[in-house]
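> turn this into a structure:
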Amino acid sequence: MTATSHTQLGRRERQIVETVYRLGRATTSDVQAQLPDPPSYSAVRAMLRILEEKGHLRHETEGPRYVYLPTVPRDRARRSALRHVVDTFFSGSVEQAVAALLESSDARLRPEELERLSERIARARKQGR
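As a prediction, this is how the structure comes out:
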């Protein structure tokens, strides 16, 4: 089953998927403990099942428990989410997105981070990107 876009998930569903990504693997109790204003255990279990049906999560059985894992590797999900943000808020402009990050008041880049970014830009230039 192919996962629908994370952008099509409700707020609580997104919180649950993000929690499973953050933890790597999680039981219903693990997820419930991480949610703000958590719903009941059975509500979390039902949402995990729905997210599994939608293709966002899968489970493995460990003894009597289900342990949930993301179906899409974290790096692929990260790229997809970032592409969505760039398309939605920056009209597809990577330059505008990077500029917004750099101009952010909490952007505190160390000299070595700036050097690595410069190297990535130089590589992208050489590759014609």
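> shouldn't Asp30 be within a helix?
Yes: according to DSSP: H, G, I helix; E, B strand; the rest coil, Asp30 belongs to a helix.
> tell me how far it lies from Thr19.
Per Cβ to Cβ, to the nearest Å, Asp30 is found 8 Å from Thr19. Backbone N, C-alpha and C define where each C-beta goes, glycine included.
> any weak-confidence spans in this protein?
Low-confidence segments of the chain (pLDDT under 70): 1-7, 105.
> in it, which spans are strands?
Taking DSSP state E to define them, one finds strands in the chain at 57-62, 65-70.
> so for Gly24, which of these sits nearest?
Among these, strand 65-70 comes nearest to Gly24, with 7.5 Å by Cβ to Cβ.
> how far off centre is the closest one?
From the chain centre to the centre of strand 65-70 is a distance of 17 Å (Cα atoms, centre = their mean, to the nearest Å).
> how about stretch 37-49, which residues are buried there?
Neighbour counts over stretch 37-49 (16 or more other Cβ atoms under 10 Å) mark 44-45, 47-48 as buried.
> what does stretch 96-113 give?
Buried-residue list, stretch 96-113, by 16+ other Cβ under 10 Å: Ala97.
> cool, thanks, talk later.
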